[in-house]
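Chemist: from the sequence below, what's the structure:
(2 chains)
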Amino acid sequence: QKEVEQDPGPLSVPEGAIVSLNCTYSNSAFQYFMWYRQYSRKGPELLMYTYSSGNKEDGRFTAQVDKSSKYISLFIRDSQPSDSATYLCAMTQNSGYALNFGKGTSLLVTP
Amino acid sequence: DARVTQTPRDKVTEMGQEVTMRCQPILGHNTVFWYRQTMMQGLELLAYFRNRAPLDDSGMPKDRFSAEMPDATLATLKIQPSEPRDSAVYFCASGSARTNYGYTFGSGTRLTVV
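Modeler: All right, here's what the predicted structure looks like:
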């Protein structure tokens, strides 16, 4: 079993919907949590970066970390067709260490 | 915007041939990673370097893969001999304490071994 689990989807939503993407993990030592967005034939792009538990908001994106449940989420408000991509969660125990990735969730936002 | 540059973009090669992939990390980034992405396994860590010294290459098949950083502006990943199961997208990423280790990925090298 991988340390980081993520539902691959695909997830299809209408434009304007609120999207919820989630990951679970098994290693309680993870402290740094990230969300990457990956468009087709492109490299992953860092979207959100959080440390320990709590929420972080950046524009339409909100990242939540619940370390007690080993569960992280990314919410996208007012979703747009340009948000259609694969979203990868990633995490590590210490800053500067290698990231452990989920397999990614494919999101399609339809006009 | 600063970017991580990977070459070649695409590579098709025959089984048994040597393949070399190159990465130019962002200037000033002292941590460099090589990841491999497949549909089945997702992103898997192959190796990473800090200040050009290898920190972890446990994810790399040692008999055929090698990773080096001859200088701070170049990281290489070699496969010799290549096999069809090596077909994947290989990504390089870099970061530093200055960016809180929010790593920047290159566009990848898409390798097909036939």
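Chemist: what lines up beside the least confident helix or strand in chain B by mean pLDDT in the sheet?
Modeler: Here the helix or strand of chain B ranked lowest by mean pLDDT, DSSP states H and E is strand B:53-56, holding a mean of 91. Strand B:53-56 has the following strand partners under DSSP bridges: strand B:42-50 (antiparallel).
Chemist: got the CA coordinates for the strand it pairs with in CSV?
Modeler: C-alpha atoms of strand B:42-50 as CSV (Å, rounded to 0.1, in the frame of the first residue of the first chain):
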residue,chain,number,x,y,z
GLY,B,42,2.2,7.8,-10.7
LEU,B,43,5.2,9.9,-9.7
GLU,B,44,8.1,7.9,-8.3
LEU,B,45,11.3,9.3,-6.8
LEU,B,46,14.4,8.0,-8.6
ALA,B,47,17.2,10.1,-7.0
TYR,B,48,17.9,13.5,-5.5
PHE,B,49,20.9,15.7,-4.8
ARG,B,50,21.7,18.5,-2.3
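Chemist: any stretches of chain A with poor pLDDT?
Modeler: Scanning chain A with the threshold set as pLDDT under 70 gives A:1.
Chemist: up against chain B, what does it have?
Modeler: Counting by CB under 8 Å from any CB of the partner chain, chain A comes close to chain B at A:32, A:34, A:36, A:41-46, A:49, A:88, A:95-104. For the C-beta atoms, the positions are set from N, CA and C on the backbone; glycine is no exception.
Chemist: one more time with 7 Å, if that's ok
Modeler: A:42-44, A:46, A:49, A:88, A:95-96, A:98-99, A:101-104 (CB under 7 Å from any CB of the partner chain).
Chemist: who's sitting farthest from the centroid in chain B?
Modeler: In chain B, the residue that sits farthest from the middle, by CA atoms, centre = their mean, is B:Arg98; the gap is 21.8 Å.
Chemist: assumed that residue was part of a strand.
Modeler: No. Counting by DSSP: H, G, I helix; E, B strand; the rest coil, B:Arg98 is located in no strand; its state is helix.
Chemist: does A:Phe33 belong to a helix or a strand, and which?
Modeler: With secondary structure defined by DSSP states H and E, A:Phe33 is part of strand A:32-38.
Chemist: can I get that strand as PDB, trimmed to CA atoms?
Modeler: The C-alpha trace of strand A:32-38 is given here as PDB (Å, rounded to 0.1, in the frame of the first residue of the first chain):
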ATOM      1  CA  TYR A  32       4.600  19.500   4.900                       C
ATOM      2  CA  PHE A  33       1.700  19.200   2.500                       C
ATOM      3  CA  MET A  34       1.400  20.500  -1.100                       C
ATOM      4  CA  TRP A  35      -1.000  20.400  -4.000                       C
ATOM      5  CA  TYR A  36       0.300  20.400  -7.600                       C
ATOM      6  CA  ARG A  37      -1.700  21.000 -10.700                       C
ATOM      7  CA  GLN A  38      -0.600  19.200 -13.900                       C
END
